[in-house]
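Below is the sequence, then the predicted model.
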Amino acid sequence: MKHTLSVLVEDEAGVLSRISGLFARRGFNIESLAVGPAEQSGISRITMVVPGDDYVIEQLTKQLYKLINVLKVQDITEIPCVERELMLLKVNATSTNRSEVVELAQIFRARVVDVAEDSLTLEVVGDPGKMVAIVQVLQKFGLREIARTGKIALTRESGVNTELLKSLEAKV
């Protein structure tokens, strides 16, 4: 199972290197990694997606807390969250199929950010499932390049689980 970890760290040189080294020494892969300033000055939030069972994640969490600059580690996998990713996607788009590509992009609320004679570059923001879906839909036109950020996430203060709501709507 993939787990999403939210880690608050002191914003100092080498913190990310120590965290990635910890994972590398134990033979674990980090599938997604996003780092940026947190709400408090001098603190950064690292959001990472890591494969593993509950026991493995518990052990990694304990090891992370042993690192001097780590302030808080939270497994937010089962907690209601707002999750987003950013993806830039360069798609083949000739004069004959350009309007179809743009139409499909609009369905996913993607923005055209660059137009060339034979391609379009799209900007897509959304949850990880949306990223997979738009790639699948646009695959038939030919994808030239993809650049994708890691997942970022914050827990929902409202406690509303949108994944649960989506599954309930699907049953109706």
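Okay, I see it. Numbers count the residues shown, from 1 in each chain.

just the CA coordinates of the longest strand seen in the chain, formatted as PDB?
Ranked by residue count, the top strand of the chain under DSSP state E comes out as strand 81-92. Provided in PDB are the C-alpha atoms of strand 81-92 (Å, rounded to 0.1, in the frame of the first residue of the first chain):
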ATOM      1  CA  CYS A  81      -7.100  15.500   3.000                       C
ATOM      2  CA  VAL A  82      -7.000  17.900   0.200                       C
ATOM      3  CA  GLU A  83      -4.400  16.500  -2.300                       C
ATOM      4  CA  ARG A  84      -3.000  18.200  -5.400                       C
ATOM      5  CA  GLU A  85      -0.400  17.700  -8.100                       C
ATOM      6  CA  LEU A  86       0.800  19.900 -10.900                       C
ATOM      7  CA  MET A  87       1.600  18.400 -14.300                       C
ATOM      8  CA  LEU A  88       2.800  19.900 -17.500                       C
ATOM      9  CA  LEU A  89       2.000  17.800 -20.500                       C
ATOM     10  CA  LYS A  90       3.200  18.300 -24.100                       C
ATOM     11  CA  VAL A  91       0.800  16.600 -26.600                       C
ATOM     12  CA  ASN A  92       1.000  16.200 -30.300                       C
END
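
and Arg156, what does it touch?
For Arg156, the residues meeting the contact criterion (C-beta atoms under 8 Å, 6 or more residues apart in numbering) are Ile79, Pro80, Cys81, Val82, Thr162. For the C-beta atoms, the positions are set from N, CA and C on the backbone; glycine is no exception.

returning to what we had before: now the longest strand of the chain: mean pLDDT?
Mean pLDDT, strand 81-92: 95.

re earlier: between all of the contacts of Arg156, which two are separated the most?
Across these, the longest distance by C-beta to C-beta is 12.0 Å; it joins Ile79 and Thr162.

residue contacts, Leu64?
Leu64 is in contact with Leu5, Val7, Ile19, Leu22, Val70, Val73, counting by C-beta under 8 Å, 6+ apart.

Now name the helix or strand holding Val124.
Of the helices and strands defined by DSSP states H and E, Val124 is found in strand 119-126.

Revised request: answer the last question for Val101.
Secondary structure here is read from DSSP H and E; on that basis Val101 sits in helix 98-107.

Over to Glu157?
Glu157 is part of no helix or strand, with elements assigned from DSSP H and E.

and it, backbone torsions?
Listed backbone geometry of Glu157 is phi -70, psi -30, with angles given as degrees, to the nearest 10.
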